[in-house]
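Chemist: give me a model of this one.
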Amino acid sequence: MEAADRYAHLIGGARALKTGASMVATAIAAPVMAVGGYPAIGSASVLACLAGSVVALTFPEHRVPSHAARDTQPEGFRTYVAMVGDGVGHVRSSRAVRRAVALLILLAMYGAMEEYVPLLAADAGVDETTVPLLILLVSLGMALGGVLGGSAARFTSAGLAGLIAGGALAMTVSALAAHPVGFIGLALGFGAFQMASVAADARLQRAISGSARATVTSMAGLGQEVIQIGIFAGYGIAAAHVGHPMSFAGFALPYLVAALGLLGWILGRRMVTRAKPLATHEPQPEAQQQTRG
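Modeler: Numbers count the residues shown, from 1 in each chain. Modelled structure (predicted):
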């Protein structure tokens, strides 16, 4: 198994565990709140952060620069500028890296839209006790998407575009249905986007070479955060005017448009590629006249 495939399975499993942990936390938040109130919830959050810090300390450090490298490296802000410049240069010089970064940033939208699933559930006409169950259903779909993300990393570009288009269509139709049953389709849509996100992340790691891997990955993460902030602002404005179902469907449509555009571009390239060999084998008019002469 190649390193990129191992990375896809690893990051997909990690995202599935993350989603599973969120599901467990959601399930136990209600009884903890009932017993200890906000102090108990706050204490648990602090303990979780401390536990994460302890786990982070156990990670191995692979980059150990030599004394000579330490002496020649710029310090402070110059180090940051040099690292960002290196990352930008790597993105600009590689078409594969640019495409992978753009795809990752585009797929960040579904992460922001997940925050509005509870409001969409409330608009579906269910009572407050049912809302957490619908949220857990969507989380389950995302967890399955993370588990299957390693397989999606081996998809062709057309297969990946089809996966995104299917997820966008499921999410759009389910949101417009405004019915609890529609959350099954919503879970499938979020699962498809989770699979596509893992695959895009693996493609980026496969495309990056040299020492700029961490910087390029961080730049992609920064782009995702910026997109999500824009989604938060735009969704809030849209929901105030057209409601949650229409807003949710509206922010899912760019995925469908982008995926269909990518599929059209891929099919167009294939048609051009197939037409070239036919053109090269056709006899030229001048050659035909010389042969007859």
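Chemist: where does this protein have low pLDDT?
Modeler: Applying pLDDT under 70 to the chain flags the ranges 1-5, 62-77, 80, 210-211, 276-293.
Chemist: please, where are all the helices along it?
Modeler: 3-57, 67-72, 77-93, 95-107, 109-113, 117-123, 131-147, 149-152, 157-177, 182-207, 213-242, 244-281, 285-292 (DSSP state H).
Chemist: CSV for those, including mean neighbour count?
Modeler: C-beta here means a position set from N, CA and C on the backbone, and glycine is covered the same way. As requested, these are exported to CSV (neighbours: other CB atoms under 10 Å):
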stretch, mean neighbour count
helix 3-57, 13
helix 67-72, 8
helix 77-93, 14
helix 95-107, 19
helix 109-113, 21
helix 117-123, 19
helix 131-147, 21
helix 149-152, 22
helix 157-177, 21
helix 182-207, 24
helix 213-242, 15
helix 244-281, 14
helix 285-292, 8
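Chemist: okay, now Pro60: neighbour count?
Modeler: Using other CB atoms under 10 Å, Pro60 has 4 other residues around it.
Chemist: show me what contacts it?
Modeler: Listed by CB atoms under 8 Å, 6 or more residues apart in numbering, Pro60 has no contact partners.
Chemist: can you list phi and psi of it for me?
Modeler: Main-chain torsions, Pro60, degrees, to the nearest 10: phi -70, psi 150.
Chemist: same thing with Ala178?
Modeler: Main-chain torsions, Ala178, degrees, to the nearest 10: phi 50, psi 50.
Chemist: ok, now Ser94?
Modeler: Phi and psi for Ser94, reported as degrees, to the nearest 10, are phi -130, psi 120.
Chemist: who's in contact with the closest residue to it other than its chain neighbours?
Modeler: Residue nearest to Ser94 in three dimensions, not counting chain neighbours: Ala207, with 6.2 Å by CB to CB, 6 or more residues apart in numbering. Counting by CB under 8 Å, 6+ apart, Ala207 makes contact with Ser94, Ala96, Val97, Ala100.
Chemist: ok, now Phe183?
Modeler: Phe183 makes contact with Ala121, Ala124, Leu134, Leu137, Val138, Ser174, according to CB under 8 Å, 6+ apart.
Chemist: for His179, grab phi and psi.
Modeler: phi -140, psi 150.
Chemist: mind checking how far it is from Val84?
Modeler: Applying CB to CB, to the nearest Å, the value for His179 to Val84 is 47 Å.
Chemist: distance check, Gly37 against Glu128.
Modeler: Applying CB to CB, the value for Gly37 to Glu128 is 18 Å.
Chemist: name the nearest of the contacts of Ala207 relative to Gly111.
Modeler: The shortest approach to Gly111 among these belongs to Ala100, at 17.1 Å (CB to CB).
Chemist: and the gap between that closest one and Phe155?
Modeler: From Ala100 across to Phe155, the span is 14 Å (CB to CB).
Chemist: go on, Ser218?
Modeler: Taking CB to CB, one finds Ser218 at 25 Å from Phe155.
Chemist: how about Leu106?
Modeler: From Leu106 to Phe155 the distance is 16 Å (CB to CB).
Chemist: again with Ala196
Modeler: Distance of Ala196 to Phe155, computed by CB to CB: 9 Å.
Chemist: now do the shared contacts for the two.
Modeler: Leu163.
Chemist: apart from its neighbours in sequence, what residue is nearest the spatially most central residue of the chain?
Modeler: Centre of the chain computed as the mean C-alpha position; nearest residue by CA atoms, centre = their mean is Ser197, 3.1 Å away. Nearest residue to Ser197, sequence neighbours excluded (CB to CB, 6+ apart): Leu107, at 4.6 Å.
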